[in-house]
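A.B. asks: Provide a 3D model corresponding to the input given below.
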Amino acid sequence: GVFFEKPPSEGRTASSGWYNTAAFEKAAHKDGLYAKSINGDAFSNEIKEQTINLIKKDLGKIDMVIYSLASPVRTHPETGTRFKSTLKPIGKTYTNKTVDFHTGEVKEISIEPAAGDDIENTVTVMGGEDWEMWINALQKENVLADNFKTVAYSYIGPKLTEAVYRKGTIGKAKDHLEETAFTITDSLKDIGGQAYVSVNKALVTQSSSAIPVIPLYISLLYKVMKEKGLQEGCIEQIHRLYAERLFEEQVPLDSDGRIRIDDWEMRDDVQEEVAALWEQATTETLPDIGDLEGYKTEFFNLFGFNYDEVDYDLDTNELVNIPGLQ
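C.D. replies: Have a look, this model is predicted:
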């Protein structure tokens, strides 16, 4: 795992990802599975080099890279220029409903359109350039196995959110990411390699919670998908990606060459119901027509809170080590 997390210090907790990784590695090592971690700026040449050296030392070659990197900023490794991404519509101001999931208040929000270098900067941070740089660096050092695969995660979403998401600045970055898959696949021909983009479903993550409108959409979506027996969490949807998509002899792709595990979310019956609920959503109605409590629980679970089995009044040791940290 390559990530950028804040370690703990005396009297100060680490970031949640630090503890998640520590727990993951402990469980993996207990089961005799290989798991090591590198903490640093994944955009940098230094971290790429450190990763390659670890692969050479421990594994020789690798057969897969999952690229799932969400960041508000990127320092370009070649120029040293720092770029900042934005979440903005393109062309005109976007106004719609959102929810403050901490208070449950449904309110109107307006987001000003992209200006200046907003689009270009967002593509530089969240597009496919760094993914391609990773694969090129790994290939140059001959650490990719035959029939190597790499997968990047993306999202499309419904018409409800497209102005601020898929047709906004972040959507331009996702377009670039998806185009890059074809470029990478072409570069991997000699080893029979493939690069894929997996379009995933809407989920409660630290990144998605920061996008206006999305928390309200997810609250309504979860209600509908749970009622239809279609709801998946992060682990369940990625299990389906592995079990039913990625390792099929003929990987099922859409007309744009993408894997779709947002297929249940984007079903016509699901989207029609969510769109109808959207019109009804107010501060008063949301507790009944949506799953705001489910959203809040999943959000706080990301940071280790709202677990019934945890006694939060007990003292705990904040100084936790990641066993395989390099």
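A.B. asks: Give me the contact list for the longest helix anywhere in the chain.
C.D. replies: Across the chain, the longest stretch assigned as helix under DSSP state H is helix 169-187. Residues outside helix 169-187 that contact it (CB atoms under 8 Å, 6 or more residues apart in numbering): 85-90, 114, 118-119, 122-123, 125-129, 131-132, 135-136, 139, 150, 152, 154-156, 162, 165-166, 193-197, 211, 256-258. Bear in mind the C-beta positions are built from the backbone N, C-alpha and C, glycine included.
A.B. asks: And for stretch 283-294?
C.D. replies: With CB under 8 Å, 6+ apart as the criterion, stretch 283-294 contacts 99, 101, 104-107, 216, 219-220, 222-223, 226, 277, 280-281.
A.B. asks: go again using 10 Å as the cut-off
C.D. replies: For stretch 283-294, contacts defined as CB atoms under 10 Å, 6 or more residues apart in numbering pick out 97, 99-101, 103-107, 204, 215-227, 231, 274, 276-278, 280-282, 297-298, 306.
A.B. asks: Excluding sequence neighbours, find me the nearest residue to the residue most central in space within the chain.
C.D. replies: The chain has Ser68 as the residue nearest its centroid, 5.4 Å off, counting by CA atoms, centre = their mean. Sequence neighbours aside, Tyr153 is the residue nearest to Ser68 in space, at 4.6 Å (criterion: CB to CB, 6 or more residues apart in numbering).
A.B. asks: List the buried residues in the host helix or strand of the one you found.
C.D. replies: For Tyr153, the enclosing helix or strand under DSSP states H and E is strand 144-154. Neighbour counts over strand 144-154 (16 or more other CB atoms under 10 Å) mark 144, 148-154 as buried.
A.B. asks: Take the residues you listed and write them to CSV, including pLDDT and distance to Asp31.
C.D. replies: Converted to CSV, the buried residues of strand 144-154 look like this (pLDDT from 0 to 100; distance: CB to CB, whole Å):
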residue, pLDDT, distance to Asp31
Leu144, 98, 26
Phe148, 98, 25
Lys149, 98, 24
Thr150, 98, 25
Val151, 98, 24
Ala152, 98, 28
Tyr153, 95, 25
Ser154, 94, 31
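A.B. asks: With distance to His29 as added columns, please give those in JSON lines.
C.D. replies: JSON lines is the format used below for the buried residues of strand 144-154 (distance: CB to CB, whole Å):
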{"residue": "Leu144", "distance to His29": "26"}
{"residue": "Phe148", "distance to His29": "26"}
{"residue": "Lys149", "distance to His29": "25"}
{"residue": "Thr150", "distance to His29": "26"}
{"residue": "Val151", "distance to His29": "25"}
{"residue": "Ala152", "distance to His29": "28"}
{"residue": "Tyr153", "distance to His29": "26"}
{"residue": "Ser154", "distance to His29": "32"}
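A.B. asks: Looking at those, which one is closest to Ile52?
C.D. replies: Leu144 (10.5 Å; CB to CB).
A.B. asks: Now, of the contacts of helix 169-187, which are buried?
C.D. replies: Buried, going by 16+ other CB under 10 Å: 85-90, 114, 118-119, 122-123, 125-129, 131-132, 135, 139, 150, 152, 154-156, 165-166, 193-197, 211, 258, out of these.
A.B. asks: Assign Tyr217 to helix, strand or coil.
C.D. replies: Using DSSP: H, G, I helix; E, B strand; the rest coil, the secondary structure recorded for Tyr217 is helix.
A.B. asks: Let me see the contact set for it.
C.D. replies: Tyr217 touches 96-99, 157-158, 160-161, 165, 202, 208, 211, 274, 277-278, 281, 290, counting by CB under 10 Å, 6+ apart.
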